[in-house]
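Visitor: The following comprises the amino acid sequence and a computationally predicted model.
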Amino acid sequence: MARTLEKTQVMEGSRAIAASVQRCRPQVIAAYPITPQTHIVEHLAQAVANGELKAEYVKVESEHSAMSAVLGAEATGVRAYTASSSQGVLLMHEVLYNVAALRLPVVMTVANRAISQPINIWNDHQDAMSARDTGFIQIFAEDNQEACDLQYQAYKIAEHKDVLLPVMVCVDGYVLTHSYEPVSLLDQDLADQFLPPYEPSWALDVDRPVTYGVMLGPGEYLEHKYVLQQAQKRALGVIEDVAREFGTLTGRTHGGLVEEYRLDDADVALVGLGSLVSALREAADQLREQGIKAGVLKIRTFRPFPAEKIAAALGGVKRVVVIDKGYSLGSGGILGMEITAALAAAGVPALVDRFVGGLGGRPIPASTVVRAVVAPELPRSQDGFLDLKPEYLGEGD
Amino acid sequence: MKFYPGVPAMPGTSLDNHTGNWRTQKPVFDHAKCTACELCEQYCPEPCILVADDGKFDVDLDYCKGCGICAEVCPFDAIKMVLELK
Amino acid sequence: MLIQVRIHGRGGQGVVTAAELLAIAVHEQGLFPQAFPEFGSERMGSPVRSYVRISDQPVRIRTPVEEPDIVIVQDPTLIWAEKVTAGLKPGGLVLVNTELASAELGIDGDLRVVTVPATKIALETMNRPIPNTALLGAFGGITGLVSMSAIKGACEHRFAGELAGLNIACAQRAYDFVSALARN
């Protein structure tokens, strides 16, 4: 995480992400604006209108159409891009499955936001979590530099011949998209070197006719899903290779599947996704000052889920504290469930505390994380919900 | 305050949202010029023009956003917008 | 080192631009900035905030600034509309854009209150009532966290052509104004 200010500039997250996408040279962009994704696609639309980016910007009437348009574009063999948030991602839902199962390496940035009702425009991970079974690869950014660097890596991973799956780059809405911090953008030459033009194996072409999207019956459908699962598993290695290659080229690494922080001698591991990881790092430092040996495991790649990596990283700790910003009602925190399952399968004996916080944009300060570690009894008794306000609970006043 | 299931908004709860702090200028009435024509009351988007017991017009500063529409529509120049520095 | 700043303004006055400008100046100074607005829907005229953190390392706290070291007030009417000094650390700085003297504002407590007529400076210098760069100049002059040369760099980065020069002139006047205050 050592960073220098060399060659960086202060930019709004959305603008920096748009500039990075532009350097990936997408040929078709289709998006419908939704808070907090809006600034990203505004900047891209402007770049196309100004002639700075040679691409077709398709204005659509909904997110369902946006994802359908990039599906069609990608099927003709061009690099396509879209971005969305919250209800937009939900409206795309059926098309997400189609894009993945058609093996179209679309890249989508999700400015993560809570889901209605009650309507709420602020950050949590429910939108991305609701798409976790679609076949998309999902990678979460901790800060704006990583959000930028992930755009290039996403195309490289998606278009890899062993993968050919769409990638969702998850960026915390507002917290990252609307924050200004120093970022370094790749020079176009370097971007082109890392990410050469897309060469599709198949493309819709009237001179070489193929059909995309056949029907498969009970005799074949199951195998099709197995093949997709194998592609997801192969992506585990490709994501690490691509992160390593990017690191060699730029000197910037953010982890591949996971990233460890002060975990070597840790008794307690703090686990989370996205910008929350920065708060976890802060909390781990504070806990160590109190004499509690804490470390952090950042889950960078959520799909494919790096279960073996996680079990290996957490093999030596006594306690794992997972903080989720996404929730499966009727069950529990989604990352927490997967961590629990991964550790159980590997025979790791650590106690797992599964907490949920930050829903609908509630900030999670380091102090909340510290409290979850040193005084877990109250949230444990409240289904893992952190910082519940009793004045709102119960059935009316 | 506890939530009812589904969190329905009850009638009149917007009264809790004191929009008066949006204001930088407040309307001041010149009661000698005011003819009680009620035009300001009808145009006020809030609506926060009050009629006191003595029949004089005034404004509810808890909600007045300082938009100045009342002063604009007053045909008798009886309302002035004044910068508010308490 | 971590200095936390909270900027109070009204929707439409440019609190986000103010935070961005300060962040760019901090960056020009060779320090790590972070700036962000109060997230959500902004309504013209309503009280709004933005936040800036200044550090010698990358900033990893991302929650709104609850306990600022410094508060900047873009519009003096806000002093009576909300508690701009909430959470301010003892001995903390309140920088207010107003032609009034600090004693006239009625801000109590163990705080350092400095006033600068930023809107007046902006009107006289560039004929626009936009106080951001004058406030930035005053901020630099009082705190020493950003030099005049860093502020100049920020203005050149953020504004094109003639506007850059006019904004630098605004910042310089405010910088000189607070420097003179300090000497007296």
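Guide: Everything's here; your move. Numbers count the residues shown, from 1 in each chain, chains lettered A, B, ... in the order given.

Visitor: who touches C:N97 in this structure?
Guide: Counting by CB atoms under 8 Å, 6 or more residues apart in numbering or on different chains, C:N97 touches C:V73, C:Q74, C:D75, C:P76, C:T115, C:V116, C:P117, C:A118, C:T119, C:P131, C:A134, C:L135. For every residue, glycine as well, the C-beta is placed using N, CA and C.

Visitor: State whether the last one and C:V71 are indeed in contact, as I suppose.
Guide: No. Distance between C:L135 and C:V71: 11.6 Å, which falls outside the contact criterion (CB atoms under 8 Å).

Visitor: in terms of contact, does A:V10 touch C:P33 like I think?
Guide: Yes. Contact criterion CB under 8 Å: A:V10 and C:P33 qualify, at 6.2 Å.

Visitor: How many residues are close by A:A345?
Guide: Residues lying near A:A345 (other CB atoms under 10 Å in any protein chain shown) number 11.

Visitor: what does the strand or helix carrying it rub up against?
Guide: Using DSSP states H and E, A:A345 sits in helix A:334-346. For helix A:334-346, contacts defined as CB under 8 Å, 6+ apart pick out A:129, A:132, A:271-273, A:299, A:302, A:305, A:307-308, A:310-312, A:314-315, A:320, A:322, A:324, A:326-328, A:331, A:350, A:352, A:354-356, A:384.

Visitor: Can you flag which of the residues you listed belong to helices?
Guide: Among the contacts of helix A:334-346, DSSP state H puts A:M129, A:A307, A:E308, A:I310, A:A311, A:A312, A:L314 in helices.

Visitor: so does the helix or strand bottoming out on mean pLDDT in chain C get close to chain B?
Guide: When each helix and strand of chain C is scored by mean pLDDT, DSSP states H and E, helix C:78-81 comes last, with a mean of 86. Yes. Remark: helix C:78-81 sits within contact range of chain B at C:W80, C:A81, by CB under 8 Å from any CB of the partner chain.

Visitor: Can you name every helix or strand that that helix contacts?
Guide: strand C:2-10 (3 or more CB pairs under 8 Å, 6 or more residues apart in numbering or on different chains; DSSP states H and E).

Visitor: other SSEs contacting whichever helix or strand comes after the strand it packs on?
Guide: Counting by DSSP H and E, the element after strand C:2-10 in chain order, helix or strand, is helix C:15-28. Packing contacts for helix C:15-28, counted by 3+ CB pairs under 8 Å, 6+ apart, involve strand A:9-12, strand A:180-183, strand C:2-10, strand C:32-37, strand C:47-55, helix C:132-143, helix C:148-158.

Visitor: Briefly note if the fifth one comes near chain B.
Guide: Yes. When contact is scored as CB under 8 Å from any CB, part of strand C:47-55 falls within range of chain B: C:P47.

Visitor: Is any residue of that strand near chain A?
Guide: No. Strand C:47-55 lies out of reach of chain A by CB under 8 Å from any CB, never closer than 8.7 Å.

Visitor: what's the answer for the longest one, then?
Guide: No. Judged by CB under 8 Å from any CB, helix C:132-143 and chain A are separated, with a smallest distance of 13.6 Å.

Visitor: and chain B, which of its residues are near chain C?
Guide: Going by CB under 8 Å from any CB, the residues of chain B near chain C are B:T19, B:G20, B:N21, B:W22, B:R23, B:T24, B:K65, B:G66, B:L83, B:E84, B:L85, B:K86.

Visitor: The same query, at a cut-off of 6 Å, please.
Guide: B:N21, B:W22, B:T24, B:E84, B:K86 (CB under 6 Å from any CB of the partner chain).

Visitor: between the ones in helices among the contacts of helix A:334-346, which is nearest A:G51?
Guide: A:M129 (38.6 Å; CB to CB).

Visitor: residue contacts, that closest one?
Guide: A:G326, A:I334 (CB atoms under 6 Å, 6 or more residues apart in numbering or on different chains).

Visitor: Mind listing what's buried along stretch A:319-337?
Guide: A:319-328, A:332-337 (16 or more other CB atoms under 10 Å in any protein chain shown).
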